[in-house]
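**Q** have a look; sequence and predicted model below, questions after that.
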Amino acid sequence: MAILSTNSPSGAAIRAGRQTLAAVKAVTAVKALAGVLVPAQADLKAKMAARTLCDDANIDAQGEAAAREDDLLDALGSLGRKAYGLYESYGAPGYRRIFGIAPSKLAGLRDMDRRAAYAACLEALQDDTPKELAATAKAVVAAHGGYEAARAAAAATQKALDKAQEAEVASLDQWHTAVRKLKAQLTDHYPRDRKHVARFFRSTMGKKKPAVAAPVPAPT
């Protein structure tokens, strides 16, 4: 096959590189040339593994942030019910001061709008909280703190993941450079035999399955 396409994923590159290295090392006359690709192959594997770890951490952190936001929404729902019981109307000034947006509608808002609504509610509770709502308001404040901490942690893992992805892309580019260099050196060794050179870059990736002949109907 031709050298692996530059838009192929790292996993495909690592597998193709391993097959090329195996083919080169098996030929005594050119086995020393394997050193052209070995460092790039190892670096790409390491960068891919690092990116996978960052991705796992980010997935866990995003899940934690989502759960903590659910806790906050539940706490706000409880506060809303308590406030309605106290003020006996969703339109009462006391209720509206705490909730510019009904708790039941918060989940449907965009992220930035939800965060603005949370901040407005927390500010209202800090300004003046009736004693009848004190315990429920305290639970909202605690839930909001947990949500903000989890959200910050998720943002940090996303930043780490972005950095790891950039490193993997750079490593993959270096890997392709090493493969092209190896092919050039193999071509120098087999200057009149392109097919021989091509055999070092064979891959099982993307091979078609053998066709199965259609059954021949029995004669009637």
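**A** Done, it's in.

**Q** report all helices and strands that the helix ranked longest in the chain contacts.
**A** As assigned by DSSP state H, the longest helix anywhere in the chain is helix 134-189. Applying 3 or more CB pairs under 8 Å, 6 or more residues apart in numbering; DSSP states H and E, one finds that helix 134-189 makes contact with helix 10-25, helix 38-87, helix 111-127, helix 194-199. For the C-beta atoms, the positions are set from N, CA and C on the backbone; glycine is no exception.

**Q** mind putting those in a markdown table, mean pLDDT and distance to Y147 included?
**A** Below are the helices and strands packed on helix 134-189 laid out as a markdown table (pLDDT from 0 to 100; distance: least, CB to CB, whole Å):
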| stretch | mean pLDDT | distance to Y147 |
| --- | --- | --- |
| helix 10-25 | 95 | 35 |
| helix 38-87 | 97 | 4 |
| helix 111-127 | 94 | 8 |
| helix 194-199 | 92 | 57 |
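
**Q** possible to save those helices as CSV with mean neighbour count?
**A** Output for those, formatted as CSV (neighbours: other CB atoms under 10 Å):
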stretch, mean neighbour count
helix 10-25, 18
helix 38-87, 17
helix 111-127, 15
helix 194-199, 13
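
**Q** burial measure for A29, as a count.
**A** Around A29 there are 8 other residues, counting by other CB atoms under 10 Å.

**Q** list the contacts for it?
**A** H189 (CB atoms under 8 Å, 6 or more residues apart in numbering).

**Q** tell me the SS of it?
**A** coil (DSSP: H, G, I helix; E, B strand; the rest coil).

**Q** hmm, back to that, go through the helices and strands packed on helix 134-189 and name the closest to Q165.
**A** Across the helices and strands packed on helix 134-189, Q165 has its closest neighbour in helix 38-87 (5.7 Å, CB to CB).

**Q** could you check the angle helix 111-127 makes with the closest one?
**A** Going by axes from the mean of the first three to the mean of the last three CA atoms, to 10 degrees, helix 38-87 is angled at 50 degrees with respect to helix 111-127.

**Q** number the chain from 314, please
**A** Right, with 314 as the first residue, what we last looked at is helix 351-400.

**Q** name the next helix or strand following helix 351-400 along the chain.
**A** helix 406-411 (DSSP states H and E).

**Q** skip the chain neighbours and tell me the closest residue to G330.
**A** Spatial nearest neighbour of G330, excluding adjacent residues (CB to CB, 6 or more residues apart in numbering): Q354 at 4.6 Å.

**Q** correct me, but that neighbour touches R328?
**A** No - applying CB atoms under 8 Å as the test, Q354 and R328 come out as separate, 10.5 Å apart.

**Q** still on that earlier bit, can you pull the contacts of the residue nearest to G330?
**A** Here Q354 is in contact with I327, G330, R331, L334, W488, A491 (CB under 8 Å, 6+ apart).

**Q** list the residues that contact the closest residue in space to P443 that isn't next to it in sequence.
**A** In space, and not counting its chain neighbours, P443 is closest to L399: 6.5 Å by CB to CB, 6+ apart. Shown in contact with L399 (CB under 8 Å, 6+ apart): G407, P443, E445, L446.

**Q** and these, which two are the farthest apart?
**A** Within those, G407 and E445 form the most distant pair, 10.4 Å apart (CB to CB).

**Q** who has more neighbours, these two?
**A** Counted by other CB under 10 Å, G407 and E445 do not tie: G407 has more neighbours, with 16 against 13.

**Q** residues in contact with stretch 451-460?
**A** Contacts for stretch 451-460 (CB under 8 Å, 6+ apart): 378, 381-382, 384-385, 387-389, 391-392, 431, 434-435, 438.
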